[in-house]
Each structure stands twice: as C-alpha cells, then as structure tokens.
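Enquirer: Quick one: sequence and predicted model below, then my questions.
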Amino acid sequence: MPIHLYQSKKVQSYLGDMIYDINEPLKEQIDPLLIWYVDVYFIKRKRYLIIANPLTKFTFFIFRYSKKSHPDFLVAFKENLAHSLQSIDIDPEKYLNKCDKIYPITETNRSASAHLSRIKEDYGGMISTCWHDVYPPDDELFYNQLICENITTYGRKEYDFPKRRFYQELILRRWD
C-alpha cells in the first residue's frame, strides 16, 4: 500500500515530482491513515519539513532537509516516522511494512493545513532559539517526541493526543 502525500506549493519546489512512483493521483478510495501532508519552513536558512496525518494529526519533523542530506525522501520519511512511533511505544514495522511507495494526492484538507500552520508557529520559536538546549542530531528526535505529546482538537469539541488517535486507528485496522 502506498503513502499518499500532499505537498504545499512551497514545498513542491524542494521535493519535486521525482519522489513519486506514479505522477497521477489514484481515483480509488484511499485509507486516510495512509495520507500525509508535508510543508516546509525555514529557520536560519535551514529547511525544515513538517509532516502530518490529517486523520489523527500525528505529526513529525525532518530537520535540515536537503536533497544532498536526504537523497531518498521515502527513506527519510520512514526513518523519522519510525523514530516518532518508537518514542510512543508503537512498533513502526506494523505500519511501515505497508508503505512501500509514494503517490501524490491533490485533495486539500483545510484542517490539516491549519494544523501544520499552528505547529510551525508553536514550534518554530522553540527550534530557532534552541529553547531546550538540545543540539543536532538529538534535537530532531527530541522535538519529534515532544510533538507526539501535543494535545490537539478533533472536530470542534474533542481534544486528544495524536499518538493515542494514531494507535486507535491502527487497532481499528488490525495493524497492531
């Protein structure tokens, strides 16, 4: 099963279309747990990718992204997602074994886009000032663990942890 990736226009110039195994979005039904939104922001001229699942709002970062430091986006995606899942005691192999390709998705989700914007605003200041005195390469793991503990809204009335929602969705799909 492929990962379905939505790129903002801003990040598309950095990732491009070469990361996809096919260039056309699929017309069939897509499992929302396999959809990921990616956006980019800059801190001190360094490129940071922020990636979130719109269903669970489970989010993680790829710090200091460049094609030179991360020649294969799928490998970088899987590594950072695996570290984030391990930090919340979820076996990443259950999910990542199903993810072998990347396909584009063109549907926009305002909730997911707003979530990415909020996370960039919340964490951009902390990351840029090294607020926690955590430095490379440990800072990426630290912030990916921290963001998993970030409570967020679902709908307009529910509050929950993205890590709990992600785990519940894995159980519902019997991927646990």
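Expert: Done, it's in.
Enquirer: Quick check: bridge partners of the residue nearest the centre of the chain?
Expert: Per CA atoms, centre = their mean, the C-alpha nearest to the average position across the chain is that of Ile51, at 2.4 Å. On the basis of DSSP bridges, Ile51 is bridged to Val38, Phe60.
Enquirer: how about the CA coordinates for the helix or strand bottoming out on mean pLDDT in the chain, as CSV?
Expert: Among the helices and strands of the chain, helix 9-15 carries the lowest confidence by mean pLDDT, DSSP states H and E, at a mean of 82. What follows is helix 9-15, C-alpha atoms only, in CSV (Å, rounded to 0.1, in the frame of the first residue of the first chain):
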residue,chain,number,x,y,z
LYS,A,9,3.2,24.6,-3.5
LYS,A,10,6.0,26.0,-1.4
VAL,A,11,7.5,22.5,-0.6
GLN,A,12,6.9,21.2,-4.1
SER,A,13,10.0,23.1,-5.4
TYR,A,14,12.2,21.3,-2.9
LEU,A,15,10.7,17.8,-3.1
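Enquirer: If you count neighbours, what's buried in it?
Expert: Within helix 9-15, the residues that count as buried by 16 or more other CB atoms under 10 Å are Val11, Leu15. (Glycine included, C-beta is placed from N, CA and C.)
Enquirer: Could you do stretch 116-130 as well?
Expert: Here stretch 116-130 shows Leu116, Ile119, Lys120, Tyr123, Ile127 as buried, counting by 16+ other CB under 10 Å.
Enquirer: Check stretch 142-152 too.
Expert: Counting neighbours by 16+ other CB under 10 Å, stretch 142-152 gives Tyr143, Asn144, Gln145, Ile147, Cys148, Thr152 as buried.
Enquirer: Rebuild those residues as a markdown table, extending it with pLDDT.
Expert: Below are these laid out as a markdown table (pLDDT from 0 to 100):
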| residue | pLDDT |
| --- | --- |
| Tyr143 | 86 |
| Asn144 | 86 |
| Gln145 | 85 |
| Ile147 | 87 |
| Cys148 | 84 |
| Thr152 | 86 |
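Enquirer: In helices, which of those residues fall?
Expert: Of those, the ones assigned to helices by DSSP state H are Tyr143, Asn144, Gln145, Ile147, Cys148.
Enquirer: which residues in this protein form helices?
Expert: Taking DSSP H as the criterion, the chain carries its helices at 9-15, 73-87, 92-96, 110-129, 138-148, 162-172.
Enquirer: Before I go, just wanted to say thanks for your time.
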